[in-house]
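K.L.:
The amino acid sequence is not available; the structure is as follows:
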């Protein structure tokens with residue numbers, strides 16, 4: 001009997017449009033001969049099952065079920081394609097854990113931890129995973145430009161601590177521009193991380209559980225036409241994403257080992273995509289995404305393709321891994 005799979009997409013953050021694309025690609029490529037697939041849109045104002053004809057049926061939040069023509073449909077597994085809150089910060093993971101429904105991304109603790117850039121880098125530091133010099137601010141804190149520059153230098157990056165897709169991030173060259181960048185970041189989050197600029201090669205490393213084993217995918221080199229890998233570079237074709245990356249064997253081995261170490265140390269499941277910048281041969285971690293983009297153009301699917309894993313295989317594996325996790 002075919003399993004019922006809910007593909008959740010949308011979300012509460014600025015990333016909802018990208019999530020809808022990811023979820024649609026998962027629906028398109030997942031084998032419908034093997035699974036019954038349901039596209040579930042999760043928004044603050046509504047949770048609904050959306051049919052191919054754009055009909056909407058409300059989701060019962062008490063048990064995450066849908067009623068269609070007096071027939072109640074429940075789900076054997078959730079394919080989590082939400083970028084940002086509530087799919088990438090632990091909220092949906094906790095909800096499904098309470099309902100005892102398997103889901104494809106990591107568990108609630110890991111999701112909340114990795115979504116918080118400051119906490120993630122702090123936890124990984126004792127394991128030898130390096131990061132840029134950083135300065136933290138919370139909404140309402142006094143802004144001491146002199147202290148910030150003394151700690152991280154210029155140029156620096158001002159980032160929303162809990163946001164993705166480069167929302168709430170600005171590169172700052174002059175001390176007098178810090179305040180505007182900080183105010184911009186506060187539009188996305190009430191916590192900020194300010195990091196020193198690392199001038200080196202940026203790479204992205206995908207890791208996943210594949211057929212029960214932690215697998216590191218081929219490394220992608222990111223070359224932005226813009227000043228850094230911002231939203232436009234990511235989604236408007238203003239970057240080159242080169243897989244496999246044009247790095248040395250030593251660099252490839254180091255960054256692959258570190259990405260795998262972070263995945264295993266954190267007891268991850270599902271997909272992760274970690275970003276690093278090389279200073280000489282040393283990789284410095286920027287962040288880890290646990291619900292990375294899953295469109296045909298997204299980095300992790302590109303990496304899977306180079307590794308010989310097709311989109312149908314990638315998505316089916318994610319479902320099977322979730323169904324077999326004890």
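P.N.:
That came in fine, so what should we check first? Everything quoted here is computed from the prediction, not taken from an experiment.

K.L.:
Quick check: buried residues in the longest helix along the chain?
P.N.:
Counting residues, the longest helix found in the chain (DSSP state H) is helix 249-265. Residues 251, 252, 254, 255, 256, 258, 259, 260, 261, 262, 263 are the ones in helix 249-265 that count as buried (16 or more other Cβ atoms under 10 Å). In short, each C-beta sits where N, CA and C put it, glycine included.

K.L.:
So which residues make contact with it?
P.N.:
Helix 249-265 has contacts (Cβ atoms under 8 Å, 6 or more residues apart in numbering) with 124, 127-129, 201, 203, 205, 207, 214, 216, 219, 244-245, 247, 268, 272, 274, 276, 278, 281-283, 285, 288.

K.L.:
likewise stretch 121-132?
P.N.:
With Cβ under 8 Å, 6+ apart, stretch 121-132 has contacts from 113, 134, 152, 195-198, 258, 261-262, 265-266, 277, 282-286.

K.L.:
which residues are in contact with the helix or strand just after the longest helix of the chain?
P.N.:
As assigned by DSSP states H and E, the chain's next helix or strand after helix 249-265 is strand 271-279. For strand 271-279, contacts defined as Cβ under 8 Å, 6+ apart pick out 104-106, 114, 132, 198-208, 222, 247, 251, 255, 258-259, 262-263, 283-292, 299-300, 318.

K.L.:
returning to that earlier point: now the buried residues of helix 249-265 as JSON lines including distance to residue 10 and pLDDT?
P.N.:
As requested, the buried residues of helix 249-265 are arranged in JSON lines below (distance: Cβ to Cβ, whole Å; pLDDT from 0 to 100):
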{"residue": "251", "distance to residue 10": "37", "pLDDT": "97"}
{"residue": "252", "distance to residue 10": "36", "pLDDT": "98"}
{"residue": "254", "distance to residue 10": "37", "pLDDT": "98"}
{"residue": "255", "distance to residue 10": "32", "pLDDT": "98"}
{"residue": "256", "distance to residue 10": "33", "pLDDT": "98"}
{"residue": "258", "distance to residue 10": "32", "pLDDT": "98"}
{"residue": "259", "distance to residue 10": "28", "pLDDT": "98"}
{"residue": "260", "distance to residue 10": "31", "pLDDT": "98"}
{"residue": "261", "distance to residue 10": "33", "pLDDT": "98"}
{"residue": "262", "distance to residue 10": "28", "pLDDT": "98"}
{"residue": "263", "distance to residue 10": "26", "pLDDT": "98"}
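
K.L.:
So which of those is the closest to residue 324?
P.N.:
residue 263 (18.0 Å; Cβ to Cβ).

K.L.:
how near is that closest one to residue 131?
P.N.:
For residue 263, the distance to residue 131 equals 16 Å [Cβ to Cβ, to the nearest Å].

K.L.:
so what's the nearest residue to residue 263 once chain neighbours are set aside up against?
P.N.:
Closest residue to residue 263 apart from its sequence neighbours, by Cβ to Cβ, 6 or more residues apart in numbering: residue 207 at 4.4 Å. When contacts are counted by Cβ under 8 Å, 6+ apart, residue 207 touches 214-217, 259-260, 262-263, 268, 271-274.

K.L.:
Looking at those residues, which one is closest to residue 45?
P.N.:
residue 271 (28.0 Å).

K.L.:
helix, strand or coil for the residue nearest to residue 263?
P.N.:
strand (DSSP: H, G, I helix; E, B strand; the rest coil).

K.L.:
For it, give the beta-bridge partners.
P.N.:
Beta-bridge pairing for residue 207 (DSSP bridges): residue 216, residue 272.

K.L.:
Also residue 50?
P.N.:
residue 39, residue 56.

K.L.:
any idea how far residue 72 is from residue 158?
P.N.:
For residue 158, the distance to residue 72 - Cβ to Cβ - is 48 Å.
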